[in-house]
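Colleague: Kindly return the folded structure for what I paste below:
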Amino acid sequence: MELHITGDPAADKLLSDDAFALLTGMLLDQQVTMESAFAGPEKIRARIGSIEPAAVAAYEPQAFVEVFKERPAVHRFPGSMAGRVQALAETVQRDWDGDATLIWTKGNPDGKEVLRRLLQLPGFGEQKAKIFLALLGKQRGLQAPGWREAAGHYGQEDAFLSVADIVDPESLSKVRASKQAAKAAAKAAKG
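Modeller: Got it, this is the predicted structure:
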């Protein structure tokens, strides 16, 4: 199944074809638009010639920050996010033999175990891990028993709460609307 997150065919193809690129896009998805975050892996691949965990992890750290700063920028916080992407690459290379798919396939884990594994990744808190788990289940064919429950409300069908629910421009609009409503509710609650 092809992903349609960024509006850029090359970036979406990379996300569809490369599990580490998808994981990296999820890591970058904070304080920027979803489209910008998930376009980041294609920018990295185009600039350094690879999005393989070994290549990203081995890249000289200050030079990698410069890759993030190049216009258009990979992320609005190039220093911290370049470091997080390299830490993620190092973890996938070291702990998962450079194959991000092993995080959700090795040993046929259930949904709770996949969530636990995602939570151990650098830069993945509970919300990000649950959203990524929902993305795996809804759009990447994850069959792990209990993944919907482990993903919480992000795992619900037709939830339109996150990137996990974006399959076309209409669903993107629905996700945007639900995010804006959630922000407005949070702002109103602060009073």
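Colleague: helices and strands of the protein: which one has the lowest mean pLDDT?
Modeller: helix 169-190 (a mean of 89; mean pLDDT, DSSP states H and E).
Colleague: got a list of what the residue nearest the centre of the chain touches?
Modeller: Nearest to the geometric centre of the chain sits Met26, at 1.4 Å (Cα atoms, centre = their mean). Listed by Cβ atoms under 8 Å, 6 or more residues apart in numbering, the contact set of Met26 reads 37-38, 124, 128, 131-132, 135, 163. Placement of C-beta: from N, CA and C, glycine included.
Colleague: Just the buried positions in the least confident helix or strand of the chain, please.
Modeller: 172, 174-175 (16 or more other Cβ atoms under 10 Å).
Colleague: Columns distance to Glu42 on top of those residues, output as CSV?
Modeller: Formatted as CSV, the buried residues of helix 169-190 follow (distance: Cβ to Cβ, whole Å):
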residue, distance to Glu42
Leu172, 18
Lys174, 25
Val175, 21
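Colleague: Relative to Lys43, how far out is Ala129?
Modeller: With distances taken as Cβ to Cβ, to the nearest Å, Ala129 is found 24 Å from Lys43.
Colleague: For Leu161, what is the enclosing helix or strand?
Modeller: Assigned by DSSP states H and E, Leu161 belongs to neither a helix nor a strand.
Colleague: What about it, how many residues nearby?
Modeller: 19 (other Cβ atoms under 10 Å).
Colleague: Surely it touches Ala151?
Modeller: No: counting by Cβ atoms under 8 Å, Leu161 does not reach Ala151; the two are 10.2 Å apart.
Colleague: what's the neighbour count on the closest residue to Lys138 other than its chain neighbours?
Modeller: Sequence neighbours aside, Ala164 is the residue nearest to Lys138 in space, at 5.0 Å (criterion: Cβ to Cβ, 6 or more residues apart in numbering). Counted with other Cβ under 10 Å, the neighbours of Ala164 add up to 25.
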